[in-house]
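[1] need coordinates for the below:
(one chain, ligands or ions: 2)
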Amino acid sequence: MALLEVKDLQTTFFTDDGAVRAVDGVSFSVEAGQVVGIVGESGCGKSVTMLSIMRLLSARHSATTGMASFDGEDLLSIPNKKMREIRGKQISKIFQDPMTSLNPVYRIGVQIVEALRLHDKAISRVAAFDRAEQMLAAVGIPSPRERLRSYPHELSGGMRQRVMIAMALINDPKVLIADEPTTALDVTTQAQILELIRKLRNEFSSAVVFITHDLGVVAELCDEVVVMYAGKVVESAPVDEIFENPQHPYTWGLLGSLPGRNLGNDRLYSVPGSPPSLLDPPTGCRFMARCAHAMSICETEPPLEILDHSEHAVACHLDPGFRTTQAIAFRSIANRVQEPR
Ligand SMILES: Nc1ncnc2c1ncn2[C@@H]1O[C@H](COP(=O)(O)OP(=O)(O)OP(=O)(O)O)[C@@H](O)[C@H]1O
Ligand SMILES: [Mg+2]
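    Ligands and ions are numbered 1, 2, ... in the order given. Presented below is the predicted three-dimensional model:
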């Protein structure tokens, strides 16, 4: 059984304008030690999916249904106390902007030690600071002993993100959720942080759920890919399959819009238009309005839901033969994007 298994997750926000179904029937699974990428453009529900699973959304303004089983327990139904024990210990997260998660008034060392002692009450102060120092060293922070005494604002963005990673990993979690952890960083620092996550993943053997809108990052880092569009999973597959045999028109669009990788025919491979409103989503396929291959059935019938992540799954009405022919056109892109891992 998978370490984390999400089935038919639905999250609705109650807004003044009505119910916004931000996540609408999402299913995927994460095996121990795996890196699973969740991709899709802004607003498609990537963050809300993971916040729902960690129960970090306000219960007054939103409701989540479905199942999210972690190590055999349904995260959506366990008591709050149990959830707090799991959060930060078994499942931890790093976000895009470390300044929102680090407290500006406390020294780095105090904050890391706090994260540790929250779940290990017995550890001595001295041992906790030693462990914090080791963690800072492990994430590549120079002079870690001195850095423990720094305040967040005294560090660069890249260093702060390293501190966040150290904090997230200090309790040796089984799952690390990284929500666009590099988007706020410059390109060089971005590459360093990705390299770090790759290295740590081998060292600490945590599974990683990596949220990004960048398929290039997915190619470098992930084992499995979940492609989301307008609150739904449209395609999920092992990473090689996504690049060698992409099956959904939206995935084709994502592949084609990788910078400098298109086939010289922008019209065919970009994704013009914008996602539908989640207040009043289309009855049929949500991607239809932007799909170059839409048929009349796409307007009336939603494509079959993707229920599991165990193999290559796609939610699309197009003829499989046609999709495979199209997919071949993208192999040459894949060859240029995918670097040896
Ligand atoms: N608190 C909220 N109240 C109402 N709607 C919300 C709330 N939070 C998110 N949404 C809506 O849910 C949808 C999914 O948002 P989400 O943050 O998951 O997108 P995302 O895929 O993470 O995008 P990005 O790449 O920009 O981070 C969006 O349409 C957003 O407007
Ligand atoms: Mg997000």
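[2] what's the burial count for E305?
    E305 is flanked by 14 other residues according to other Cβ atoms under 10 Å. The C-beta positions use only the backbone N, C-alpha and C, and glycine is treated the same way.
[3] name the SS class of it, please.
    coil (DSSP: H, G, I helix; E, B strand; the rest coil).
[4] cool, E241 as well?
    helix.
[5] and it, what does it touch?
    With contact set as Cβ atoms under 8 Å, 6 or more residues apart in numbering, E241 has these partners: H312.
[6] tell me how far it lies from ligand 1.
    In this view, E241 and ligand 1 are 22 Å apart by Cβ to the nearest ligand atom, to the nearest Å.
[7] tell me the centre residue of this structure?
    The centre of the chain sits closest to I211, judged by Cα atoms, centre = their mean, with a distance of 2.3 Å.
[8] was I right about G66 contacting T12?
    No. Using Cβ atoms under 8 Å, G66 makes no contact with T12, being 11.4 Å away.
[9] can you name the residues of the stretch 101-250 of the chain sitting close to ligand 1?
    By Cβ under 6 Å from any ligand atom, the residues of the stretch 101-250 of the chain that approach ligand 1 are H213.
[10] so how far is S47 from the residue nearest to the centre of the chain?
    The gap separating I211 from S47 is 7 Å, by Cβ to Cβ, to the nearest Å.
[11] kindly report the same for L118.
    23 Å.
[12] these two: who's more crowded?
    Using other Cβ under 10 Å, the more surrounded residue of L118 and S47 is S47, with 20 against 15.
[13] so the more buried one is in which element?
    Using DSSP states H and E, S47 maps to helix 46-53.
[14] what residue ranges in the stretch 151-300 of the chain score low on pLDDT?
    Within the stretch 151-300 of the chain, the set of residues satisfying pLDDT under 70 comprises 258-270.
[15] mind listing the helices for the stretch 1-150 of the chain?
    For the stretch 1-150 of the chain, the helices defined by DSSP state H, counting those that start in this stretch occupy 46-53, 80-86, 98-101, 108-117, 125-138, 144-147.
[16] now check stretch 88-98, is it near ligand 1?
    No. Using Cβ under 6 Å from any ligand atom, stretch 88-98 stays clear of ligand 1, coming no nearer than 7.6 Å.
[17] could you tell me which residues make contact with P181?
    94-96, 161, 164-165, 193, 197.
[18] weed out the non-buried ones from those.
    Neighbour counting by 16 or more other Cβ atoms under 10 Å classes 94-96, 161, 164-165, 193, 197 among the contacts of P181 as buried.
[19] please flag which of the residues you listed sit within strands.
    Under the assignment DSSP state E, the buried ones among the contacts of P181 contribute I94 to strands.
[20] closest one of the buried ones among the contacts of P181 to P152?
    M164 (9.8 Å; Cβ to Cβ).
[21] pretty sure the closest one sits against I94.
    Yes. Between M164 and I94 there is a contact under Cβ under 8 Å: 4.8 Å.
[22] what residues are shared contacts of the two?
    101, 181.
[23] what's the distance between E31 and E224?
    Taking Cβ to Cβ, one finds E31 at 8 Å from E224.
[24] neighbour count for those two, which is higher?
    Ranked by neighbour count (other Cβ under 10 Å), E31 and E224 place E224 first, with 23 against 16.
[25] which ones are touching the nearest residue to that one once chain neighbours are set aside?
    The shortest distance from E224 to any non-neighbouring residue, by Cβ to Cβ, 6 or more residues apart in numbering, is to V36 (4.6 Å). Applying Cβ under 8 Å, 6+ apart to V36 gives the contacts 28, 30, 207-210, 222-226, 309.
[26] between the residues you listed, which has the most around it?
    V226 (30 neighbours).
[27] contacts for the strand or helix carrying that residue, please.
    Using DSSP H and E, V226 sits in strand 224-229. Strand 224-229 is contacted by residues 26, 28, 30, 34-41, 44-46, 49, 218, 233-239, 242, 248, 250-251, 254, 275, 286-287, 309 when judged by Cβ under 8 Å, 6+ apart.
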